[in-house]
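Enquirer: this is the structure alone, sequence omitted:
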């Protein structure tokens, strides 16, 4: 076995392993370039080292560009779009006021947390529905 064939194969494996250990979808594409040069050098004998390196660089750039153009999901739809938006998950819920809404501001307990609420003046204990979120305040209306 020729040293350059083994070298390109080893480089491809090292790059694939690096991608597996620290995923980020970047080393994979460079590894694909190395694997392509491995196949090229294994099939075609006596390719000068300079041309091998040039082919590796070009094939790596081409594979990265192919990924950027077609591989990345542009508008992936999530099955849980509100996962990291806790306040927006509360829209539509009916909660009880912990403190009266005076001058448009009050407080409600939702599950195990207290939230600032904004809405029409209402006494403590009133049931309100969360209709919107503005910053960290819940906009409510009387049920």
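Expert: Done, it's in. All of these numbers come straight from a predicted model, not from anything done at the bench.
Enquirer: any low-confidence regions in the protein?
Expert: By pLDDT under 70, the weakly predicted segments of the chain are 25, 73-76.
Enquirer: repeat that with 90
Expert: Confidence mapping of the chain against pLDDT under 90 gives the ranges 1-4, 22-26, 45-46, 66-89, 109-113, 135-136, 143.
Enquirer: okay, domains of this protein per the record?
Expert: The chain breaks down by automatic domain parsing into domains covering 3-71, 86-142.
Enquirer: include distance to residue 77 when you put the ones you listed into TSV, please.
Expert: Yep, even glycine has a C-beta here, placed from its N, CA and C like the rest. Written out in TSV, the entries for those read as follows (distance: least, CB to CB, whole Å):
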stretch	distance to residue 77
domain 3-71	17
domain 86-142	17
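Enquirer: could I get these in a markdown table, plus columns for mean neighbour count?
Expert: Converted to a markdown table, the domains of the chain look like this (neighbours: other CB atoms under 10 Å):
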| stretch | mean neighbour count |
| --- | --- |
| domain 3-71 | 15 |
| domain 86-142 | 15 |
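Enquirer: which one of those lies closest to residue 80?
Expert: domain 86-142 (9.6 Å; CB to CB).
Enquirer: how near is residue 26 to residue 91?
Expert: Separation of residue 26 from residue 91 (CB to CB, to the nearest Å) stands at 38 Å.
Enquirer: again, but for residue 123
Expert: Distance check for residue 123 against residue 91: by CB to CB, it reads 23 Å.
Enquirer: quick revisit: the domains of the chain: which one's closest to residue 78?
Expert: For the domains of the chain, proximity to residue 78 was assessed by CB to CB; domain 86-142 is nearest, at 13.1 Å.
Enquirer: now the closest one: how far from the chain's centre is it?
Expert: Relative to its parent chain, domain 86-142 has a centroid offset of 31 Å by CA atoms, centre = their mean, to the nearest Å.
Enquirer: how far does it stretch from start to finish?
Expert: The distance separating the two terminal residues of domain 86-142, taken as CA to CA, to the nearest Å, comes to 22 Å.
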